[in-house]
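*Asks:* next come a sequence and a model predicted from it.
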Amino acid sequence: MKTPNNRREFIRKSGLITLGAIAASKLNASASKLFEPNTNQFTLPELPYPYEALEPHIDKLTMQIHHDKHHKAYVDKLNEAITSNKITEKSLEKLLQQVSTYPAAIRNNGGGHYNHSMFWKLLQPNPGNPDGVVMDAIVATFGSIDEFKKKFSDAAKSRFGSGWAWLVKTADGKLAICSTPNQDNPLMDIAECKGSPVLCLDVWEHAYYLKYQNLRADYINAYWNVVNWGEVNRLYAGK
Ligand code: MN3
């Protein structure tokens, strides 16, 4: 008598697991979406972890304000600029690659949307170390992981005012460290440092001031505890 019940229970549980897997895959897809074709609007992607997940290195309130207010404002202003200038290009990457041909609002807010969407995915709660092909490339280029971290940190510390530090893969496949002002990035045709971003760090004061105040260097040191090296490797490998 018990067998049918057990079997029914098994089928019910398997069904729930399947439904759960489908829901998770849909969530992942929507979390990474930066443009919604149904509404013809750029959209704010969800954070891939809770606001408090990066504590104590990056605090909950900073993450809430940074994502819900700052990033959202870039998305809203980008949509306004797209509408008011009757721009038909739907690809954020293509907008940035030709950014010199568009108004400044596209450069500032399109860059803001792209940079933050990448930044969230390049963070994660668990400390880790570089791995895979990107680790080999970092060691070959900079001598060691520590030397790489030092050079990247120096680029982040020495960026005057607001901006970003980057590790990029250049057109000839090499790794390079650089920084950009404001919301510029290495995809932009106006950028001094060009390439495909592999790692980025936001050094605007809004990214760290609540917890670290004027101590940008402390924020940069803490950042190394929450880098998503798996995503760095994926971006470098071009998967
Ligand atoms: Mn920011």
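*Replies:* Noted; the coordinates are in hand.

*Asks:* quick check: residues of the protein near the ion?
*Replies:* By Cβ under 5 Å from the ion, the part of the chain that sits against the ion consists of 202, 204, 207. Backbone N, C-alpha and C define where each C-beta goes, glycine included.

*Asks:* so the last one sits against Met63, correct?
*Replies:* No. Taking contacts as Cβ atoms under 8 Å, Ala207 lies outside contact range of Met63: 9.7 Å.

*Asks:* those two: which has the busier surroundings?
*Replies:* Comparing Ala207 with Met63 by other Cβ atoms under 10 Å, the one with more neighbours is Ala207, at 24 against 21.

*Asks:* distance from stretch 141-148 to the middle of the chain?
*Replies:* Stretch 141-148 has its C-alpha centroid displaced from the chain centroid by 22 Å (Cα atoms, centre = their mean, to the nearest Å).

*Asks:* what does it contact?
*Replies:* 129-130, 135, 138-139, 151, 167, 174-175, 177 (Cβ atoms under 8 Å, 6 or more residues apart in numbering).

*Asks:* what pLDDT does Gly20 get?
*Replies:* Predicted confidence (pLDDT) at Gly20: the value is 40.

*Asks:* ah, wrong one, I meant Asn228
*Replies:* 97.

*Asks:* how near is it to Lys194?
*Replies:* Using Cβ to Cβ, to the nearest Å, Asn228 is found at 23 Å from Lys194.

*Asks:* just the element for the residue nearest to the spatial centre of the chain, please.
*Replies:* Nearest residue to the geometric centre of the chain (Cα atoms, centre = their mean): Met118, 1.8 Å. According to DSSP states H and E, Met118 maps onto helix 104-121.

*Asks:* list the buried residues of that helix.
*Replies:* Using 16 or more other Cβ atoms under 10 Å as the burial criterion, the residues of helix 104-121 that qualify are 106-121.

*Asks:* show me what that helix is packed up against.
*Replies:* On a contact count with 3 or more Cβ pairs under 8 Å, 6 or more residues apart in numbering; DSSP states H and E, helix 104-121 meets helix 72-84, helix 92-97, strand 196-202.

*Asks:* what residue in the protein comes nearest to the ion?
*Replies:* Using Cβ to the ion, the single residue of the chain nearest to the ion is Asp202, 4.2 Å away.

*Asks:* what is the burial count for that residue?
*Replies:* Using other Cβ under 10 Å: Asp202 sits among 24 other residues.

*Asks:* for the closest residue to it other than its chain neighbours, what are its contacts?
*Replies:* Spatially, and ignoring its direct neighbours in sequence, Asp202 is nearest to Phe119 (5.5 Å; Cβ to Cβ, 6 or more residues apart in numbering). Phe119 is in contact with 200-202, counting by Cβ under 8 Å, 6+ apart.
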